[in-house]
Every structure is written in C-alpha cells, then in structure tokens.
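Visitor: How does the following fold in three dimensions:
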Amino acid sequence: MNSLFTKIKRFIGNKNTVTILCVVAGLVILYVGYNWRVKEAINPTLVPYAKVNLEARHVITTDDIGYMNVNSDVMRKASNIITNANDLIGKEVTYGNSIPAGSLFYTEDITKPELSPDYVLSDIPDGYTAFSLSVDETTTYGNYIEIGSYIDLWFEGEDDYDRIIYSRFVSSIRVLDVRDSKGVSLANTKSENPAELLFAVKDDDYSLLVKATAVGDLVPIPRNKNYTAHPGEMEMSNETIKALILSRTGTI
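Guide: The predicted model follows:
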C-alpha cells in the first residue's frame with residue numbers, strides 16, 4: 001500500500017506529469033466554456049412578431065401577433081425588442097410609422113393611444129372644432145398656461161383709424177392641449193418649448209376666431225387657479241371687436 005502511494009506521489013510530483021495535467025485541465029475548461037457559450041448564443045427565446053402589415057395609428061390586437069424563436073445572442077444585442085405580447089395588446093403603432101408583416105416589435109414602434117398627437121381630438125363633441133393658436137414660451141408666460149386651464153384671449157389690432165386696439169375678446173376658454181413644434185403634447189414629451197395651444201370651440205365661434213387671427217392677433221392671457229376651478233361659459237361678448245373683424249372679412 002505504501003509502495004503504491006509512493007508511486008502515485010512520484011507520478012504527481014513529476015514535472016512532465018504536472019504539465020500534462022494542466023494542459024488536459026485547460027482543454028476541459030475550454031471545451032466546457034465553448035459549449036456553454038454556444039448553448040447560450042443559440043438558446044431560443046419565443047417572442048411576438050407582426051403577422052400582417054400594421055399601419056400608423058393601428059391598435060394592436062391578438063389577431064395581429066404571431067410568435068417566433070429568436071436566439072439569445074440577437075436578444076442581447078437588441079435590448080429594445082418586445083418579448084411579451086401583453087406589452088403590445090391595446091397599444092398602437094406610432095404616428096408616421098409602420099410595422100411590416102414578419103417584423104419583430106420594437107419599443108420605439110408602439111405607443112399608448114393617449115400619447116398620439118390627435119388623441120385629444122377624438123373626444124371633441126359634435127358641433128365643435130379644434131382651434132389652434134401659435135404660441136411660444138413667452139406668450140404662455142413661461143409655460144404657466146397648462147392643459148386643462150381656463151384662460152382669456154385678448155384681441156390686438158388696429159381700427160379703421162389706425163389706432164391700436166387691445167381688449168379682451170374671449171372669456172373662459174379651456175386649453176385642450178399644449179403642443180411643441182412637432183405637434184406632440186408637452187404632457188407626453190420632455191420638451192419645454194410650447195408652440196401651439198389647442199382649444200375646442202363651437203363651429204360658429206371657430207369661424208370668428210380664424211377671422212380674428214387674419215385681422216389681428218389673439219393673445220392668451222392666463223388667470224388664477226380659482227378661474228379654472230370655477231369656469232364660466234366661454235363667451236365672445238365684445239361686440240366692438242366682433243364688428244371690426246366682420247367688417248374686414250367675408251364668408252363664402
């Protein structure tokens with residue numbers, strides 16, 4: 001027994017033996033590591049894809065979704081691939097975009113319907129029209145005018161004697177949306193550069209407001225929180241301004 005132990009000890013202590021064992025161990029490690037990497041690279045993940053062409057503003061349903069296996073290496077390189085169908089259903093294809101049939105879904109391709117540029121327009125009552133007023137950070141008083149607030153619109157122009165007129169024209173009009181230069185609501189973007197105030201006004205009032213912007217300027221004037229908390233009916237009660245606008249415009 002001692003003789004066998006001595007032989008083993010001498011064998012292990014031999015430099016050539018140590019070298020061979022290290023080489024074998026290294027090959028085993030390389031083999032195991034290589035197989036692990038290959039398995040990780042080709043290990044498939046089941047992900048959703050578009051079964052049909054999906055155009056901009058299309059709301060995604062289960063009928064639009066198929067499933068395919070994508071290897072893990074692709075998934076690691078493209079972290080914006082959507083892997084869960086629950087993150088798709090009820091969402092819509094982003095404005096100005098489309099998803100071709102057979103394509104995977106990417107996070108930048110879809111959005112919540114309420115984040116689309118014209119979502120607020122879908123709830124405008126019959127008999128009302130969306131009216132847009134160009135603004136900037138200064139005319140919104142440093143972004144003080146916000147979505148849902150009630151403000152006044154003042155008319156600025158000249159009368160028939162070239163005298164400057166500046167007077168309140170519209171009272172208690174609700175701000176439907178505040179948008180940037182790309183038409184995206186400031187509520188859904190990090191932008192702090194307002195370019196447009198959006199209102200919903202009666203069809204007859206819309207015509208008069210458009211004429212007012214052709215004759216002069218409409219200037220948004222913010223009010224306090226109480227004004228918004230207890231809004232009155234929107235009024236265009238300045239008959240002098242109305243008469244001036246109508247005298248300088250026509251209706252076809």
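
Visitor: quick one: the strands in the stretch 51-200 of the chain?
Guide: 65-71, 92-93, 110-111, 128-134, 150-158, 164-174, 177-179, 196-202 (DSSP state E, counting those that start in this stretch).

Visitor: mind listing what the fifth one pairs with, with the direction of each?
Guide: Paired neighbours of strand 150-158 in the sheet (DSSP bridges): strand 164-174 (antiparallel), strand 217-222 (antiparallel).

Visitor: now that strand against strand 128-134, angle please.
Guide: For strand 150-158 against strand 128-134, the angle by axes from the mean of the first three to the mean of the last three C-alpha atoms, to 10 degrees is 60 degrees.

Visitor: chain center to strand 150-158: distance?
Guide: 31 Å (C-alpha atoms, centre = their mean, to the nearest Å).

Visitor: just the helices in the stretch 1-150 of the chain please.
Guide: 2-13, 15-42, 72-77 (DSSP state H, counting those that start in this stretch).

Visitor: from what I can see Y128 touches D204, true?
Guide: No. When contacts are counted by C-beta atoms under 8 Å, Y128 is not listed as touching D204 (10.4 Å). C-betas here are computed from N, CA, C, even on glycine.

Visitor: more neighbours, these two?
Guide: Y128 (16 against 11; other C-beta atoms under 10 Å).

Visitor: What sits closest to the more buried one if chain neighbours are left out?
Guide: A200 (4.8 Å; C-beta to C-beta, 6 or more residues apart in numbering).

Visitor: I'd say that neighbour and A130 touch.
Guide: Yes. With contacts counted by C-beta under 8 Å, A200 reaches A130, the gap being 6.0 Å.

Visitor: wait, what's in contact with Y227?
Guide: 150, 172 (C-beta atoms under 8 Å, 6 or more residues apart in numbering).
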